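1. Here is a sequence with its predicted model. Questions after.
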There are 2 protein chains.
Amino acid sequence: MKDFIYYAPTEVVFGRESEDKTADEVKKYGGHKVLVHYGGQSARRSGLLDKVCHQLNESGIEVVELGGVVPNPRLSKVREGIALARREGVDFILAVGGGSVIDSAKAIAYGAVYDGDVWDFYLHRAEAVACLPVGVVLTIPAAGSEMSEASVVTNEDGDIKLGYSSDLSRPRFAIMNPERTFTLPAWQTAAGVTDIMMHIMERYFTHDDDMTLTTEIAEGILRTMKDSVFAVLKNPSDYRHRAQIMWGGSVAHNGLTGCGVLDDWATHQLEHELSGMFDVTHGAGLAAVWPSWARYVYRENVSRFVRFAVKVMGVENDFSDPEGTALRGIEAMERFYRAIGMPVNIHELIGREVTDEEIHEMVRKCSRGYKTTQGQFKVLDTNDMEAIYKMAR
Amino acid sequence: MKDFIYYAPTEVVFGRESEDKTADEVKKYGGHKVLVHYGGQSARRSGLLDKVCHQLNESGIEVVELGGVVPNPRLSKVREGIALARREGVDFILAVGGGSVIDSAKAIAYGAVYDGDVWDFYLHRAEAVACLPVGVVLTIPAAGSEMSEASVVTNEDGDIKLGYSSDLSRPRFAIMNPERTFTLPAWQTAAGVTDIMMHIMERYFTHDDDMTLTTEIAEGILRTMKDSVFAVLKNPSDYRHRAQIMWGGSVAHNGLTGCGVLDDWATHQLEHELSGMFDVTHGAGLAAVWPSWARYVYRENVSRFVRFAVKVMGVENDFSDPEGTALRGIEAMERFYRAIGMPVNIHELIGREVTDEEIHEMVRKCSRGYKTTQGQFKVLDTNDMEAIYKMAR
């Protein structure tokens, strides 16, 4: 059993009309002049952005707006935000959106109080020592960034997608109204749930089952996500199940599911290269890679994959054939991905066969960061990465 | 489904030798002169107290010691601590112990920066607006006070046990080394687990099952506690299972198991009067009351008690007889209490029959606080309270 630190100080304000409390929360955490950061026009069209900005103004809080964040948020937008935040002297960054907007907001928050280039942090050439406070009005449950210390940014100059983590950037508050997710398209809903489940699965596959409590919590969240996604795909305005997914996205990634167990994250890293190169939806990329990763590594701990098959996927345990049970669990997950409209290989993800050259390029990027291997359940070297990409092609 | 706020900012430092990080944590959260608060001599005998104080001194942090906290912590000791904290000008309260010590520390932390009498808060005659920072080195997993906003204090003048809750008192950090619980006697271990499970069960029994995610998490923790307590009663030095219990105690009561569901707390309040009057162990008092509470209220939502029976207690679901299944779940819980050495009625708890006069006195106290009813799953008036005490006698 691994020692651990659990620290998730974000105040979650969850429920109907919870966005009405935005101004109070900003004030509570010391904001006077706020950079409101958002993505495309959906936040404007839904009326949420105007509602929030109006409320902030009415409360005597100055507002500076910066939209245009895209999925796989870009370093150029982050730099634009940093320049704006400095010029305007904002003291708080409010993200209105999903993971991309929050990650971009965190990067701006680091950069606004750093003399060097913010990309230094993502290259692990510097450690952040300060950060503007960040708050969130969440509209897309997926990334879990609203309670996490992590952010991932794509540098367009070379299509490099890198992450940086520091407790300094954990949002002070996260406002979550499940009603605000009723209009999420089916594709984004399914990709979001895939990401949420993957945040748990990256920590679930471990070499022992010492931390039963974490395992039980992980399985409970996974089962709930699996049930709730079908409910909301059928009825997008199902408050109850939208709520499970929204809260599930936060507890999946706020540290709770990692207490005392391994952190693998190989699937995430393999996917980062895919979305860095092909600009695909992160959750869909995870679904395209995971089955191949799982088949490549399951022999490291067959009984853990058996437990996953039985407790999460509802596969019958064939005690005479643990490997078969483990593999049937992976197959069941694959069927689940298909059933919610996700791809299960790279071909389905990008619409064509990935070339050997592209695989080599992804392997190169995947092994040239601040560490040259990926994963901990099985430590993957470049040969392993290539093999998994080829299995997934 | 209820709206909720989730806020659990305590930094948990969990693992072997984690107490070595105490001084760093105190500094991180701004402590320069610390009141080290503890209970009896076990903290001294184990060497923990000296280790911690020595470490604080070595780090240039001034130390003032105050021991002598007893179970069901007394207002007189709190007042002694407040006077000492003011006289010495301490800026941080460090609790080394279990729930009683932490609750006493929180009360001192409120009182040290309040002009009036600290008991005002517990009488709900005043709201705290400030509080010294509190840190914890946990030695007894049970109360969950190390991550909670709650504290309970007994005023010896009238044997009145009252609670007060405010986010201001949530510990800044909680250091948890499961090895430090190896020497906990069987009785205290079992009473602790009973308290932990009860913190979940007070929120589990609700009128709907809208918040499946919370339900799944609750059931997972309950199952783990049930398994782990037998393991540590058999082998007190079982690190793995001591760890489940220690972490289980925190997540049971840091708000996670209450997200979106009812808060009942009737069993706790009925027990508070018992331990206020007879000075019994809190966890044991809960075990003595809960079966009677459950039999008195289960018809409010039979299917919820059926789910509890099946998912937590492992009772076979007799679909033709939901009431029977529900009752068998309560019986199974009773057998569990007996198996770990807990009483299941007041007679077993205090060693004699409780008198009608004593019951009337407890009912009187239980209904004269800041509200005259108790509970939410079923709102209990004084007749209900009397009936439950009599069932439990």
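-> Right, received. Where do you want to start? Numbers count the residues shown, from 1 in each chain, chains lettered A, B, ... in the order given.
2. Excluding its own residues, what touches the lowest-mean-pLDDT helix or strand in chain A? List them.
-> In chain A, the helix or strand scored least confidently by mean pLDDT, DSSP states H and E is helix A:42-45, which has a mean of 86. The contact list for helix A:42-45, computed with CB atoms under 8 Å, 6 or more residues apart in numbering or on different chains, reads A:38, A:49-50, A:67, A:96-97, A:139, A:183. Every C-beta, even on glycine, is put in place using the N, C-alpha and C of the backbone.
3. Which positions within it qualify as buried?
-> By neighbour count with 16 or more other CB atoms under 10 Å in any protein chain shown, helix A:42-45 contains the buried residues A:42-44.
4. Could you dump the residues you listed into TSV with distance to residue A:17 added?
-> Listed next are the buried residues of helix A:42-45 as TSV, based on distance: CB to CB, whole Å:
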residue	distance to residue A:17
A:42	19
A:43	17
A:44	19
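5. of those residues, closest to residue B:164?
-> Among the buried residues of helix A:42-45, residue A:43 lies closest to residue B:164 (CB to CB), at 40.8 Å.
6. quick one: contacts for residue A:59?
-> A:23-24, A:26-27.
7. for residue A:73, same thing?
-> For residue A:73, the contact set (CB under 8 Å, 6+ apart) comprises A:100-101, A:103-104, A:107, A:152-154.
8. quick one: which helix or strand includes the closest residue to residue A:392 other than its chain neighbours?
-> Spatial nearest neighbour of residue A:392, excluding adjacent residues (CB to CB, 6 or more residues apart in numbering or on different chains): residue A:292 at 3.8 Å. Applying DSSP states H and E as the criterion places residue A:292 in helix A:282-297.
9. buried stuff in the next helix or strand after that helix?
-> Going down the chain from helix A:282-297, the next helix or strand is helix A:302-307, by DSSP H and E. Residues of helix A:302-307 classed as buried: A:304-307 (neighbour count, 16+ other CB under 10 Å).
10. Same question for stretch A:321-332.
-> Using 16+ other CB under 10 Å as the test for burial, stretch A:321-332 gives A:325-332.
11. quick revisit: pLDDT and distance to chain B added to the contacts of helix A:42-45, as CSV?
-> As requested, the contacts of helix A:42-45 are arranged in CSV below (pLDDT from 0 to 100; distance: CB to the nearest CB, whole Å):
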residue, pLDDT, distance to chain B
A:38, 97, 24
A:49, 96, 22
A:50, 95, 23
A:67, 97, 29
A:96, 97, 20
A:97, 96, 21
A:139, 96, 17
A:183, 94, 20
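12. ok, back up a step: identify, from the buried residues of helix A:302-307, the entry nearest to chain B.
-> Within the buried residues of helix A:302-307, proximity to chain B (CB to the nearest CB) peaks at residue A:307, which comes in at 13.4 Å.
13. contacting residues for that closest one?
-> Contacts of residue A:307 by CB under 8 Å, 6+ apart are A:209, A:215.
14. can you tell me how far it sits from residue B:241?
-> 18 Å (CB to CB, to the nearest Å).
15. Quick check on the most centrally placed residue in chain A: phi, psi?
-> With distances taken as CA atoms, centre = their mean, residue A:143 lies nearest the centre of chain A, 2.5 Å away. Main-chain dihedrals, residue A:143, degrees, to the nearest 10: phi -70, psi -20.
16. Was I right to think it contacts residue A:105?
-> No. Residue A:143 is beyond contact range of residue A:105, at 12.0 Å (criterion: CB atoms under 8 Å).
17. chain center to whatever helix or strand residue A:325 lives in: distance?
-> Assessed by DSSP H and E, residue A:325 sits inside helix A:322-339. Here helix A:322-339 shows a centroid-to-chain-centroid distance of 23 Å under the convention CA atoms, centre = their mean, to the nearest Å.
18. What is that helix packed up against?
-> helix A:282-297, helix A:302-307 (3 or more CB pairs under 8 Å, 6 or more residues apart in numbering or on different chains; DSSP states H and E).
19. farthest pair in the contacts of helix A:42-45?
-> Across the contacts of helix A:42-45 (CB to CB), the longest gap, 17.7 Å, separates A:67 and A:183.
20. List the buried residues for the biggest helix by length in chain A?
-> For chain A, the helix with the greatest residue count under DSSP state H is helix A:212-234. For helix A:212-234, burial by neighbour count (16+ other CB under 10 Å) applies to A:212-226, A:228-229, A:232-233.
21. Intersect these with the contacts of chain B.
-> Contacts with chain B within those, as defined by CB under 8 Å from any CB of the partner chain: A:212-213, A:216-217, A:219-221, A:223-224, A:228.
22. Check whether residue A:171 really touches residue A:101, as I assumed.
-> No. The pair residue A:171 / residue A:101 is not scored as a contact, 11.5 Å apart, by CB under 8 Å.
23. what does the stretch 1-150 of chain A have sitting close to chain B?
-> A:1-9, A:11-16, A:18.
24. From those, keep the buried residues only.
-> Among the residues of the stretch 1-150 of chain A next to chain B, those buried by neighbour count (16+ other CB under 10 Å) are A:1, A:4, A:6-9, A:11-15, A:18.
25. In which helix or strand does the closest residue to residue A:288 other than its chain neighbours reside?
-> Once flanking residues are discounted, residue A:288 sits nearest to residue A:349: 4.1 Å by CB to CB, 6+ apart. Counting by DSSP H and E, the element that carries residue A:349 is helix A:346-350.
26. Which strands and helices lie in contact with the next helix or strand after that helix?
-> Following helix A:346-350 in sequence order, the next helix or strand is helix A:356-366 (DSSP H and E). Contacts defined by 3+ CB pairs under 8 Å, 6+ apart place helix A:356-366 against helix A:266-278, helix A:382-392.
27. okay, the ones you listed, which one's buried deepest?
-> Among the helices and strands packed on helix A:356-366, the stretch with the highest mean neighbour count (mean count of other CB atoms under 10 Å in any protein chain shown) is helix A:266-278, at a mean of 24.
28. Verify the stated contact: residue A:358 with residue A:276.
-> No. With contact defined as CB under 8 Å, residue A:358 does not count as touching residue A:276 (11.3 Å).
29. residue contacts, the residue lying closest to residue A:366 once chain neighbours are set aside?
-> Using CB to CB, 6+ apart and skipping residues adjacent in sequence, the residue nearest residue A:366 is residue A:273, 5.0 Å away. Residue A:273 makes contacts with A:161, A:362-363, A:365-366, as judged by CB under 8 Å, 6+ apart.
30. same question, residue A:243
-> Here residue A:243 is in contact with A:14, A:178, B:1, B:210-211, B:260 (CB under 8 Å, 6+ apart).
31. Am I right that residue A:188 falls within a strand?
-> No. Checked against DSSP: H, G, I helix; E, B strand; the rest coil, residue A:188 lies outside a strand; its state is helix.
32. residue contacts, the closest residue to residue A:282 other than its chain neighbours?
-> Nearest residue to residue A:282 in three dimensions, chain neighbours excluded: residue A:275, at 5.5 Å (CB to CB, 6+ apart). Residues in contact with residue A:275 (CB under 8 Å, 6+ apart) are A:72, A:154, A:161, A:281-282, A:285.
33. Any chance of these in TSV with neighbour count as columns?
-> Conversion of the contacts of residue A:275 to TSV gives the following (neighbours: other CB atoms under 10 Å in any protein chain shown):
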residue	neighbour count
A:72	23
A:154	26
A:161	24
A:281	22
A:282	24
A:285	31
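34. Pick out the lowest-pLDDT one from the residues you listed.
-> Least confident entry in the contacts of residue A:275, by pLDDT: residue A:161, with 83.
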